[in-house]
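1. turn this into a model:
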Amino acid sequence: MKDKELAEKVVAKMLEHDRFSKWLGVKIIKIEPGYSEVKMKIRNEMINGFHTCHGGVTFSLADSALAFASNNYGRIAVALETNIAFPVPVYEGDELTATAVEQSKGNSIGIYNVTIKNQNGVKVGIFRGTVYRTKKEFFPKDNLEKE
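-> As a prediction, the model looks like this:
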């Protein structure tokens, strides 16, 4: 199985049980090994008391992008540490695109930058995540060969 094909298959499997990304309305735009691009639209129930999008929503979109990028090699990866900056507010109706790009991938640790932009190309979030790459695989090799 080719790397891109595996990456797409892993993300499809992850989405089967990812109720939160579904609730957010996350749509997959592009998946490549160590890379993901996802999109969502900000709905009324995502707005906080300041009439802007709750920061947790933007964070969650970036976290989903991190998960899709860091897991798509076929090994289960979990977040160790993440942080985000919110340089510009997000409003109801905005369409956000999060792009996760691998910066470093070792045997056990991976580092990813995620940029979140609105529909006008303005950066509304700058996220960095470090993941632990477990030894557990989504599709053990013997099962892959049978497909």
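2. quick one: T115 and R128 touch, right?
-> No: judged on C-beta atoms under 8 Å, T115 makes no contact with R128 at a distance of 10.2 Å. To be clear about C-beta, it is placed using only N, CA and C from the backbone, and glycine gets the same treatment.
3. any idea which strand is longest in this protein?
-> Ranked by residue count and defined by DSSP state E, the top strand of the chain is strand 123-137.
4. and for T115 and R128, which residues touch both?
-> Residues touching both T115 and R128 (C-beta atoms under 8 Å, 6 or more residues apart in numbering): there are none.
5. ok so, going back, buried stuff in the longest strand of the chain?
-> Going by neighbour count (16 or more other C-beta atoms under 10 Å), the buried part of strand 123-137 is V124, G125, F127, R128, G129, T130, V131, R133.
6. taking those, tell me the two that lie furthest apart.
-> Farthest apart among those by C-beta to C-beta are V124 and R133. That separation is 28.7 Å.
7. ok, back up a step: off-centre distance for the longest strand of the chain?
-> When C-alpha coordinates are averaged (C-alpha atoms, centre = their mean, to the nearest Å), strand 123-137 and its chain have centres 8 Å apart.
8. convert it to CSV, retaining C-alpha atoms only.
-> Taking Å, rounded to 0.1, in the frame of the first residue of the first chain, the C-alpha atoms of strand 123-137 are listed here in CSV:
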residue,chain,number,x,y,z
LYS,A,123,-4.5,33.7,10.3
VAL,A,124,-6.9,33.2,13.3
GLY,A,125,-4.9,30.6,15.1
ILE,A,126,-1.3,29.4,15.4
PHE,A,127,-1.0,26.0,17.0
ARG,A,128,1.9,23.7,17.8
GLY,A,129,1.6,20.1,18.9
THR,A,130,4.0,17.5,20.2
VAL,A,131,2.8,13.8,19.9
TYR,A,132,4.0,10.5,21.3
ARG,A,133,4.1,7.9,18.6
THR,A,134,3.1,4.5,20.1
LYS,A,135,4.1,1.2,18.7
LYS,A,136,0.5,0.2,18.1
GLU,A,137,-0.6,0.2,14.5
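9. cheers, nothing more for now.
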